[in-house]
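# this one's structure only:
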């Protein structure tokens, strides 16, 4: 399914919201996104709720939202995982700009216009970065430590210039969707790291923008994370090592400590 193009001069945006058992917050999140997009985005746009095999009332809530808002769509996926959701939506749907944000809107949506404009300016990928000097971020000490450790490991293994992989606030152009996304394998959270590192090795232009990000505020405040921390850490490390081997086999991985 694509976006209709009544005005071919306007770019089209597909904003994906991956969800898993989000019946409690989904209605408020989509209402805020629709309100923001309607007021601030000149391009033609569609918000697509990508349901990762939820077993609560997420599907019922989503269908009600599609009836309320003409620019909201819904797709149910039998397999869990943010990687599965984004790979499906970014390769099966037609748009000029593909983006996603987390359902809890931890990233301030006031930065969303910059996310899209960066692509229009010629960047291939635009990502929210919680650790830039102008970003305003509130995190628990343990999560900050783990995140920084993960970034340090990625820098050692890949000599990357990216300093935040996992922020749920990104946009890509059609070329990246066609060229890079089909090369990815991860079904889960490591998908972001994977497609960013592959894109960087293929010399796509990546813009990192400052954002406001609050771990325990906004629509998702007080919720327990659905990610098991220790398991996620081990999976991330294992996948980084696998990806380095994969890129090395393809002749694209840098030597350790070199540019």
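Arrived safely, thanks for sending. These numbers come from a predicted model, not from an experiment.
# okay, CA-based contacts and neighbour counts for the rest of this
Fine.
# for the record, mean pLDDT for the helix or strand where residue 119 lies?
When elements are assigned from DSSP states H and E, residue 119 belongs to helix 112-120. The average pLDDT for helix 112-120 rounds to 97.
# check which helices and strands it is in contact with.
Under the contact criterion of 3 or more CA pairs under 8 Å, 6 or more residues apart in numbering; DSSP states H and E, the helices and strands touching helix 112-120 comprise strand 125-129, strand 169-173, strand 206-210.
# quick one: list the elements packing against the first one.
If I follow you right, that is strand 125-129. By 3+ CA pairs under 8 Å, 6+ apart, strand 125-129 packs against helix 112-120, strand 169-173, strand 206-210.
# which other helices and strands contact the helix or strand following that strand?
Downstream of strand 125-129, the next assigned helix or strand under DSSP H and E is strand 136-138. Under the contact criterion of 3+ CA pairs under 8 Å, 6+ apart, strand 136-138 touches strand 212-214.
# identify the residues contacting the strand it packs on?
106-108, 111, 130, 135-139 (CA atoms under 8 Å, 6 or more residues apart in numbering).
# buried sites along that strand?
Of the residues in strand 212-214, 212-214 count as buried by neighbour count, 16 or more other CA atoms under 10 Å.
# of all the helices and strands packed on strand 125-129, which one comes closest to residue 98?
strand 169-173 (5.3 Å; CA to CA).
# which of the contacts of strand 212-214 are buried?
Buried among the contacts of strand 212-214 by 16+ other CA under 10 Å: 106-107, 130, 136-137.
# lowest pLDDT pick from the residues you listed?
Lowest pLDDT within the buried ones among the contacts of strand 212-214 is found at residue 137 (88).
# who's the residue nearest to that residue when sequence neighbours are not counted bridged to?
Spatial nearest neighbour of residue 137, chain neighbours left out: residue 213 (4.8 Å); criterion: CA to CA, 6 or more residues apart in numbering. The bridge-partner assignment for residue 213, based on DSSP bridges, gives residue 107, residue 137.
# could I get the pLDDT score of residue 213?
pLDDT for residue 213: 91.
# against residue 191, how distant is it?
For residue 213, the distance to residue 191 (CA to CA, to the nearest Å) stands at 20 Å.
# before we move on, the earlier item: now render the buried residues of strand 212-214 as a markdown table, adding distance to residue 19.
Output for those, formatted as a markdown table (distance: CA to CA, whole Å):
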| residue | distance to residue 19 |
| --- | --- |
| 212 | 21 |
| 213 | 19 |
| 214 | 19 |
